[in-house]
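**Q** Turn this into a structure:
(chains A and B)
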Amino acid sequence: MAKLIGTDIASPDLLAKITGRAKYAEDFRVDGMVFAKLLLSPMPHARVRGIDAARALAMPGVLGILTADDVPQLEAPGEACLTNEPRYEGEPILALAAVDEETAAAAIELIRLDLEPLPFALDPLESLRPGGPDAWTEGNVLVEGEMKSLKWDGVDFSSVAQGQLPMGEVTTEWALGDVDAGFAQADVVVDETMVHQTQTHHPLEPRSTLAYWRNGKLFAHVSVQSTARMRASLAGALDLDIADVVVVAEYCGGGFGSKITGSPIMHVAPLFSKKIGRPVMLRITRYEETYVGRSRPGFQMRAKVGFRSDGRITAMDLFIVEDHGSYGGGGDNGTAGVLAHLMYQPENIRVRGVPVFTNTPPRAAQRGPGGVQMLTILEPLMDKAARELRMDRLELRRVNAPREGATFGPRETPLTSVHVHEAMDMGEKLFDWQEKKTWSGRRNGSKVTGVGIGVSPYTAGSVGYDGLLVIRPDGLVHIHQGVGNLGTHSVMDTARAAADVLNVGWDQVVIEWGDTSRGLPWSASQGGSQTTHAHTRANHAAGLDAKRKIQDIAARTLGGSPQSYDVAGGRVFQRGNPGRGMSFAQVAERAVALGGEYDGHTLPEDIHAMTIESATALVGQGLMGVAKDNFGRSGATYSWVVGFAVVEVDTETGHVEIKEYTGVADCGTVLHPRSLGAQILGGSIQGMGVAMSQRWVYDPKWGAALAKRLYSARPPSILDVPMDMTWAAVEIPDPDTPVGAKGIGEPPLGAGGAAIACAVADALGGRLVGRTPLTPDVILAELEGSKRPWRPLDVHVG
Amino acid sequence: MATIRDMIPAFGLFQPTSVEDALELVNDHGRKAWVLAGGLDSMDWFKDRIKRPEVVIDLGAIDELRGVRETGGALDIGALTTLTALERHDAVQKLFPMLAEAARHVATPQIRNQGTLGGNLSQDTRCWYYRSGWPCYRAGGNTCYASAPQAMNREHCILGASRCVAVNPSDTAPALIALDAKMVIRDRRRTRTVDAEDYFVGPAIDITRMTVLKANDLLTSVHVPSAWAGAQTYYEKVRDRGSWDFSLVTVAGAFWASGGRIEQARIVVNGVAAYPVRLHEVERAVIGAAVGEETARAAGDLAVQGAKPLRHNEYKVALMRNLVRRAVRSVA
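**A** Below is the predicted model:
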């Protein structure tokens, strides 16, 4: 049989998606279902002194309200699903259920809230000033699990207006070597302060939930990235036994890290359903999604980097003020420092960070967390240094990028494989860097060309999860996937690893996914680009387990040793005598007759409790392949994307047009080429949006969001990029994983964002404007030398 | 009263099939009625429960309001003609390519399939304070949040402020004014024709409205006279994103030139005031002037005289100046 890995196979759920038959969380209906709506806080920070819902509750069709007093509250800075102390404008205070949404909305308008306004902070630096407001009554930073109020007394804040980040006490710090000694050896030093804005995730499907209880079991229809892990997170949050939670999540209309294992708002429907004894549907609207749907933390950052004349980085000193939002989460400054170390391998490094709480919506991992911010800031800095060093910019990156044997981070972690140099080489040819770099500064009327490179690593795999499959008497291989269908095809594509071990065609494979009552194995949480790596391994393990059992059964039934049998095309047969064999259907029947480990009566001891539960429910249905990924690993798994871009900046309007883009990946063995292309280019586009258009705008007096509609928040559109972007992959298998495949979801963003940011700076003659997004107002002010629309360290300004 | 968004409250719906019936309805219901065309502006207001009409009069079933008719080089465009139909219409492309281009710059392909010319011209401002339901002057309150000292006003006006600093968001309006189009407005008793330029009103005239339309009026069609067919035109919309974005500044110009001199000119800028701004002085200055950079530069400089930027939108002055220069520079 031809291997399935490496081929283009349309995802089996494609037809349902394009015909609209696919059911997302809000498409489900159950008998007796009622609808809930939310009342959001109109203030950025307040205390609820009273709720008068009498008139609302008296309305015909209203079933009740759910308030913070009805839901589990958490220690600071934990986020409950409803609150009596809203910490951002838009935070849900209560929910109301009614027979339909129209009634619920009308009833909400009858509720009178008595709110006591509290001081609020929108800008981390404002909060750090002496006497500055704290986002929480308990403080503005978290130190060893405790909320504290941190003020930078004695730090000169006047530098803010001049564009230099003030640097006071931090809460995290690590270093390797001696940065001062490193700078002493440097021939060129660049030192820049930059602002990276916060951005909402904006998945197209808002995080709706339908929940109901039957016989003490919770049934929850949700929009989530990781199905199996959602079960655990819901059980944990609601203090339930995991066996009492059924999660249905067949499709997920995007998460980008905001729905990895659900979201606090998904607890409202289960708790409300319990309270009123009716199934509750909470459809989150686009408006609400903007508030409760998570966001990437912005950075106010200073980076000082020293280079020897040969381009080698002798010292890197990073200082990051991270906008931690109302409830923390993300912690991107930590990842950012580690990634900078991985990518540039500075001889000496110091990374300092202070995540500061603000009265703005909660942060969370957003596709490439930390990396995207760091690279869109640091890559243009590399270009600035290259100009001073009179070095080719690609060459400067080559001088510093890691090679085999490199380590990174405070614990000097090794890598399983690294082929960023091969990706740079391939991209150099594919994009024709040597030619295109000569286009730099070329003028065409009012337009100036800029070219740029962005190199971006990101974590790409975890280990140790379970695979589970059953070959049923219908002869088909049912591969059970605990991973979610988050839009990347990984729920389908990682199953190929099991199918390839069993040498079956795709038409013999059935994927079971999206409903934990179908028997799903314990799986990776789908963040950090883990899935491809983790679940090709787990499915490979399950495939090997099944293959061993098939060979055993053939030997038991037909004689000879198990090793004398091969499997292919849905049969097991004696090597050299293919006529002597059994079909998978026969093997499955035989497995059921034999029992024991063959049909799941006996299970491996090292698999997770959830896999045991699932496998137990599938006992006796056929031949079971079930195993934990015990393949081991000797380092951290990282993938890379190198992006190359050409832009034109219109010097009379400040408008940037992206003319060309090429992305080249080092992500090991390619599972599904077409899907990989979509990840590389789709992720790069998302990164371009980060660099070019996406924003938050807050009114500083009222603490209210202004650019809160999808059109005004401006995530990138397909019409913002050229239609003929190209991609490639170096396709060197990772030696530390049996299938050789590494994840790819996240590295493209940093590559896309940084390549465009570098290309824009290049078009501006090497000038850095010090912030993203690079909108026409900012660029035009730079070109005209006129008053900038913002002070250098302003945040949430657009 | 607590606030909730994204849930349309109930309203009475009328779907007349003739203009006469629609006029009867708007006359009967007056200010209680909301006239619905493509719905792109209206639905946002309804969903946010900020505008709560008792009655919605949906024009969608009135076929006579749809379509483009050519008569001797002039066009009559039904107000309900979709922006996609306008953009693709042969006569529009042939006679007034700038109008097709302007239509093509509206929002997204999907929105253009649904959005109408009448709606694009008559839409409300997108000031984010006003659209958030804040009680500003335009909403009947007694302040302007967008011009407060700390306010966010990057996308607001540099000209024509009068308590309100909002801007007109229409992409087709400047093109139609430049082409000297006429708006055909009907009420139950009569049909009147208004110069496109005079269709729009600023806050100094009426702070609660964007157009001259009264409660019992309907914009039924737009007449584009033949006079400017075949003229040299220039249209450019600058926005933050390549799609689904309102204009920061847009310029539309129509010119007749011969022998290296500009003989006639109409130049309009949008995104800089609550109404599309026709640059009469600039037109007077360039008429009779030699085509070329010198005239273009002078035109740009003159265009922004008197501009008063807010705290965060000084860039609009340079942008408007440069776009006017480009429009004049384009004349051959």
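**Q** what's the closest non-adjacent residue to the residue of the stretch 1-150 of chain B found nearest chain A?
**A** Closest to chain A within the stretch 1-150 of chain B is B:Asp6: 3.4 Å, counting by Cβ to the nearest Cβ. Every C-beta, even on glycine, is put in place using the N, C-alpha and C of the backbone. Setting aside the residues directly before and after it, B:Asp6 is nearest to A:Thr285 in space (Cβ to Cβ, 6 or more residues apart in numbering or on different chains), at 3.4 Å.
**Q** can you check A:Leu122 too?
**A** Excluding the flanking residues, the one nearest A:Leu122 by Cβ to Cβ, 6+ apart is A:Tyr698, at 5.3 Å.
**Q** who's the one you found bridged to?
**A** Listed by DSSP bridges, the beta-bridge partners for A:Tyr698 are A:Ala705.
**Q** what's the burial count for it?
**A** Look at A:Tyr698: counted by other Cβ atoms under 10 Å in any protein chain shown, it has 25 neighbours.
**Q** quick one, what contacts it?
**A** Under the criterion of Cβ atoms under 8 Å, 6 or more residues apart in numbering or on different chains, the contact list for A:Tyr698 reads A:122, A:360, A:704-706, A:796, B:152.
**Q** Among these, which one has the most neighbours?
**A** Neighbour-wise, those (other Cβ under 10 Å) top out at A:Thr360, 32 neighbours.
**Q** Quick check: the residue of the stretch 1-150 of chain B closest to chain A touching A:Arg286?
**A** Yes. Using Cβ atoms under 8 Å, B:Asp6 is in contact with A:Arg286, at 6.4 Å.
**Q** Compare those two and say which one has the larger neighbour count.
**A** For B:Asp6 versus A:Arg286, the count of surrounding residues by other Cβ under 10 Å is larger for B:Asp6: 19 against 16.
**Q** quick one, phi/psi of that one?
**A** phi 60, psi 40 (degrees, to the nearest 10).
**Q** how close does it sit to B:Asp48?
**A** Distance from B:Asp6 to B:Asp48, counting by Cβ to Cβ, to the nearest Å: 7 Å.
**Q** before we move on, what about A:Ile276?
**A** From A:Ile276 across to B:Asp48, the span is 28 Å (Cβ to Cβ).
**Q** Which of these two has more residues huddled nearby?
**A** Neighbour totals were compared for A:Ile276 and B:Asp48, and B:Asp48 leads with 20 against 16 (other Cβ under 10 Å).
**Q** per-residue pLDDT, the closest residue to the more buried one other than its chain neighbours?
**A** Computed as Cβ to Cβ, 6+ apart, the closest residue to B:Asp48 that is not its neighbour in sequence is B:Arg5, at 4.9 Å. The predicted structure scores B:Arg5 at 96 on the pLDDT scale.
**Q** So B:Arg5: helix, strand or coil?
**A** For B:Arg5, the assignment made with DSSP: H, G, I helix; E, B strand; the rest coil gives coil.
**Q** quick one, what contacts it?
**A** So B:Arg5 contacts A:285, A:287-288, B:47-49 (Cβ under 8 Å, 6+ apart).
**Q** Pick out whichever of the residues you listed sits closest to A:Ile242.
**A** The shortest approach to A:Ile242 among the contacts of B:Arg5 belongs to A:Glu288, at 28.5 Å (Cβ to Cβ).
**Q** who's in contact with the closest one?
**A** Residues near A:Glu288 by Cβ under 8 Å, 6+ apart: A:38, A:40, A:90, A:92, A:206, B:5-6.
**Q** Now distance to A:Arg403 and secondary structure too, for those residues, in a markdown table please.
**A** Compiled in a markdown table, the contacts of A:Glu288 are given as follows (distance: Cβ to Cβ, whole Å; DSSP: H, G, I helix; E, B strand; the rest coil):
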| residue | distance to A:Arg403 | secondary structure |
| --- | --- | --- |
| A:Leu38 | 52 | strand |
| A:Leu40 | 51 | strand |
| A:Gly90 | 47 | coil |
| A:Pro92 | 50 | strand |
| A:Pro206 | 44 | coil |
| B:Arg5 | 54 | coil |
| B:Asp6 | 52 | coil |
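**Q** ok, which residues in the stretch 101-250 of chain B are in contact with chain A?
**A** Within the stretch 101-250 of chain B, the residues that sit near chain A (Cβ under 8 Å from any Cβ of the partner chain) are B:108, B:126, B:128-129, B:131-132, B:145, B:148, B:150-152, B:154, B:236, B:238-246, B:248.
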